Each structure stands twice: as C-alpha cells, then as structure tokens.
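Enquirer: Give me a 3D structure for the following:
(chains A and B)
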Number of protein chains: 2
Amino acid sequence: MPDVIVVGGGPAGISAAIYLRRFKRDVLVLMKDFGALGKAESIENYYGFPEPVTGVELLGRGIAQAERLGVKVAREEVLSIESDEAFTVKTDQGVYHANAVLLSTGMTRVNLKVKHYADFIGRGVSFCAVCDGFLHRQKKIGIVGSGDFMLEELEILRNFSSDLTVFTNGESLKHRPDQVVIVTEPLLELIGSDHLEGVKTQGQTVSLDVLFVAVGTASAADFALRIGAMMERNQIVIDATFMTNIPGLFAAGDCIGGLQQVAKAVADGAGAGIAIHKYLKTLTS
Amino acid sequence: MPDVIVVGGGPAGISAAIYLRRFKRDVLVLMKDFGALGKAESIENYYGFPEPVTGVELLGRGIAQAERLGVKVAREEVLSIESDEAFTVKTDQGVYHANAVLLSTGMTRVNLKVKHYADFIGRGVSFCAVCDGFLHRQKKIGIVGSGDFMLEELEILRNFSSDLTVFTNGESLKHRPDQVVIVTEPLLELIGSDHLEGVKTQGQTVSLDVLFVAVGTASAADFALRIGAMMERNQIVIDATFMTNIPGLFAAGDCIGGLQQVAKAVADGAGAGIAIHKYLKTLTS
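Expert: Now for the predicted structure:
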C-alpha cells in the first residue's frame, strides 16, 4: 500500500510526488493522459527553460524526474475514490488503498454544447450519481457519456432505477452496457419548462426525469463532489495545508483555482507535498 | 526608461521578468551575484528536470531564457531605491528610473556574529541610516561593513555627524572613505548596559552611541525598510497583488516569506509579473 495516491500526472501532482518521495514516502501517481497541458505547443514562461518546450516534453520530463526518484507512475484512469479508514481508489485496471490522496487533475469539466443545457443544471441535470441518484428512484434516468467514467456512474444508477438510457452524444462506446437503452445520435436540445422533461436528438425525443452528465474522464471536481469535499464555483476548497474538509484528501493545481499556470501548479505541488508528509506523520504518532 | 526594474536575478525576479516581457513590457533586471541559490550543489525537487541541476546552472538557464525574450539583465549592485513620481534606483554603475520596482533579492540578512550583538538591536544597533541617522545628530556613530552598501550608508550618516568610525570587521575595504576613522580588526563584543556604549576589538575599545550595520549587499528587506514599506518579522508585507504599501513597489520570492523553495519563488514571480503589468496599465489609463 502506498502512503499517498496522487490523481493526475501534471505539474502539481508530479511536483507533490517529488517532494513526498524525497521525504521517503511511497507515492503512486495515477494518470490517464497528458490533459490540457499536453496540448500546449510552446511553453516559454516556465522558469528554467532557455528554449521553448512543448507540453508533452515538459510533462515527460516531470514524470522521468519523479520516476528517477522512485515514484511509481501508472497510466490508469481513476473511476472512483472512496473514503473510509483509508482511501480506496478504483481505476480501470485495479483497486488501491492509501492514507492520503492528492487530487491534481486540472480543472477540466466537460460542458455539453447542447441547447438549453445550462438552463437545467440543478433542475434535472446532475453531475453525481452517488449524490443525486437516490432522489430519482424508479424515475426515467438518462446519462450522457461514453467512457469508463460513464459506466461507473451507470452502475451506481442501476441501484435506483431500471429505466436507464445512455446517450453517447455521437461518440462510440468503449464497453457496451447491458439492460439499458442506448442512443448514439448527438443531443440537440434539452426540453422542459421549470424542470427537465426530456432530450431531443435528430431522430427522436426521449422523455426523462433526470439527466446525469459523465462525459470524458472524471475530474478532480467530480471526485471532490462524490466524496463530499467542499466546492466553491467549481473549485475545490482547501485550507492553508492544501487539505480539503475531508481528512487526508488534498488538492493542488488548477482544480483549487488561482493562476492557471505551470509555475503556480508546481508551487502548489511543493506545498501540498510538504503538507501531506506532515499529515502522514500525525497518523503514526 | 524601462517599465519595470527587477532587483534580484533569482527565480522570483527572472520569472516575473519573463511574464512581464511577454506582456511587451521593458524590463531591466539588476543583480549582483547568484546569491544563496548559486551555492546549491544539486537541485532535484524543481519540476521539469529529470537529472539534478546545480544552482548556478538553473540560474544561468533562467537568465538565458529571460534574455532570449528581450529582458535586459545587468550585473550591477543596487545601492538605493527612492520613490518619488517614479522610482530612482542607484547602482554601483548608474542611476535608473522606472514606474514599478520588484524586490526579489531573497532573504539574506547578514547577521553579525559578535557577542551581545542581538542584545542591542533597537538599543543602539540600527539597520538604516535614512531611518535612524537623524536621531543621532552629532553623536559618536559607528558603521559596520566594507562594500558599496556600507559606503552608501556612510554618505547618508555624514549629514548627521562627523564623528564616524567604520568597522570593516576583518574585511578589506573596496574603496577607502575620507574623513572617517577606520578600524579593520574583527569586532569581538558590543558593550553597554541598557543601551549600546561601544564596541571591543582585539586591540581596543571604541566608545559609540550607535552602530549601523551595513554588511555585504543590501537585501530586499533593507530597501523595504528605507523606503517605508511595511515589514513583519523581517519579511516584506504584500497584498494579494504582491504590492507593498508603497504604490508601484512589489516584492516576490523568499523576501515575502512562505516556503523557501525555487518552485514557490517561480510562482510568486509569475503572479507578481501579471500583477505589475496590470498595475502599469492603471497608470496610463
């Protein structure tokens, strides 16, 4: 069992992992891909690089640095995080436990580009099956998404209703779930008056009581929401030690707000790494 | 006239200069030497470097990066900073003006290793000729130091007294000032009861009313003190935009407290660079 699981392999997570490893902590970094920074063609404002670097190059250098120090970096997509005596982190490839978790997946929240989508957020559009599923027992439930994160949410929703429709919104499904209706046409419009009543695609109108959004990969904000961590304007609320209101759950980088810059994420990571090390010491003393 | 003068060429100052330059600001960085970081033999916790780097190498890379973007970096020792309509920055080689100044010289304050030194701080030991010189008109004034910073302070003290003794504390003088007593023996002890009464060296006891300390190079804290910027426990107090209580005077890096880490200094610099750019816009609108 590692001491710490870091979710996200960007500058914040890797910087924290480096600090933790130098305190002799066992650190497991779980990352799906290179995220938003991986798309940066030229970074020239991060101190220490006389020539511009690509996002992919900088991310690769960070990972190599962490691995050289003994950090384990695994390319696995985190699907859920649960907090009990220790944290349980489930990925597409396994289940891990640790006494502390750092959320550092950036701040991606995929917003649907669908007419009237924003109008129904909180009025029939939900982002968390664990949080809101119970409110919709035996109702007509829709879920948008096509990857493992959607499937994870779908399994939770099966506890509450059997009237389930998956909308892939034009994407192809990685795994095809059983006992659900699957609509692959792109969503065109959400319909309803005060509350969501359904969705329209090119070919049909589907009546719904609630639509859960689980597009792409779960973000730090998604995990925070599910585990009950305080959020403010889609940012995770932390204290001076980068800890959320859940003991042992930390967050750093873009997902806590502030400058969306590599420099700031790296500094967050350094601070969080030091703070997590101190936190772990309190558990053993 | 540059838009901004950055005092200090370490990670905080250079990171700020890079950000400012990318906003098309003219930036002049003034630095004496590589400071404390220049002595680091191996840095392996700053994100982005798979192999350890020396402090000198990292500092050199940062300066090269800034220069490539068009920042001017000059190896000059800053002796004084004054605030009027614009800032006037005097170095050992020239005088410069700018609308904004960033203090980022780290947190070096040379403490004297002399018996009873700490006992007389604020009771006869002073750090600022401009601040305290007037209180000691026609008194017996001593000053410790051997470089240009000491000479700068000495010139100010000449306005208040002609009874001046320079203690080089074993160092050799860069320039020999006129019309002062010069004691080159190392200081052994400060003497007095409630208040400083003199200093002892190996060979003599010199009676003094006040001893000004101007050892080595002026630090950010020294400049802040002289210009009236608020300090707390030897750290410069800044607001959320890295600005001190003096409009246009900013500070970043170790001199504002927090983690004494490259990562944190770099992030400070990024934040300060962005804030200074915004501040300069308010001057022209």
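Enquirer: got the contact list for stretch A:206-213?
Expert: Stretch A:206-213 is contacted from outside by A:110, A:112, A:120, A:124-129, A:132-133, A:135-136, A:139-145, A:153, A:157, A:165, A:167, A:183, A:190, A:196-200, using C-beta atoms under 8 Å, 6 or more residues apart in numbering or on different chains. Every C-beta, even on glycine, is put in place using the N, C-alpha and C of the backbone.
Enquirer: filter these to the buried ones?
Expert: A:112, A:120, A:124-129, A:132-133, A:136, A:140-145, A:153, A:157, A:165, A:167, A:183, A:190, A:196-200 (16 or more other C-beta atoms under 10 Å in any protein chain shown).
Enquirer: Just the ones of these in strands?
Expert: Counting by DSSP state E, the part of these found in strands is A:125-126, A:141-144, A:165, A:167, A:183, A:190, A:196-200.
Enquirer: tell me the two of these that are most distant?
Expert: Between any two of these, the greatest separation by C-beta to C-beta is 19.0 Å, found for A:Ser126 and A:Lys200.
Enquirer: Quick check: A:Val71 touching A:Ala17?
Expert: Yes - assessed by C-beta atoms under 8 Å, A:Val71 is found in contact with A:Ala17 at 4.5 Å.
Enquirer: Now for the two: what residues contact both?
Expert: The contact lists of A:Val71 and A:Ala17 share A:27, A:29, where a contact means C-beta under 8 Å, 6+ apart.
Enquirer: Looking at these two now, which is surrounded by more residues?
Expert: In terms of neighbours (other C-beta atoms under 10 Å in any protein chain shown), A:Ala17 is the more surrounded of A:Val71 and A:Ala17; the figures are 35 against 26.
Enquirer: Tell me if stretch A:35-48 is near chain B.
Expert: Yes - using C-beta under 8 Å from any C-beta of the partner chain, stretch A:35-48 reaches chain B at A:44-48.
Enquirer: what are the phi and psi values for the spatially closest residue to A:Met1 that is not a sequence neighbour?
Expert: Using C-beta to C-beta, 6 or more residues apart in numbering or on different chains and skipping residues adjacent in sequence, the residue nearest A:Met1 is A:His97, 5.1 Å away. Per-residue torsions, A:His97: phi -130, psi 150 (degrees, to the nearest 10).
Enquirer: again with A:Arg61
Expert: phi -60, psi -40.
Enquirer: Quick check, A:Ala74 in contact with A:Val29.
Expert: Yes - contact criterion C-beta under 8 Å: A:Ala74 and A:Val29 qualify, at 7.0 Å.
Enquirer: out of those two, which sits in the more crowded spot?
Expert: Counting neighbours by other C-beta under 10 Å for A:Ala74 and for A:Val29 shows that A:Val29 has the greater number, 27 against 14.
Enquirer: hang on, the more buried one is in a helix, isn't it?
Expert: No - if the criterion is DSSP: H, G, I helix; E, B strand; the rest coil, then A:Val29 is strand and not within a helix.
Enquirer: Near chain B, list only the ones from the buried ones among the contacts of stretch A:206-213.
Expert: Of these, not one also sits near chain B (C-beta under 8 Å from any C-beta).
Enquirer: Any part of the helix or strand where A:Ala17 lies near chain B?
Expert: Using DSSP states H and E, A:Ala17 sits in helix A:11-22. Yes - interface with chain B: helix A:11-22 contributes A:11, A:14-15, A:18-19, A:22 (C-beta under 8 Å from any C-beta).
Enquirer: Grab the nearest non-local neighbour of A:Ser172.
Expert: A:Ser172's closest residue in space is A:Ser146 (C-beta to C-beta, 6+ apart), at 6.7 Å.
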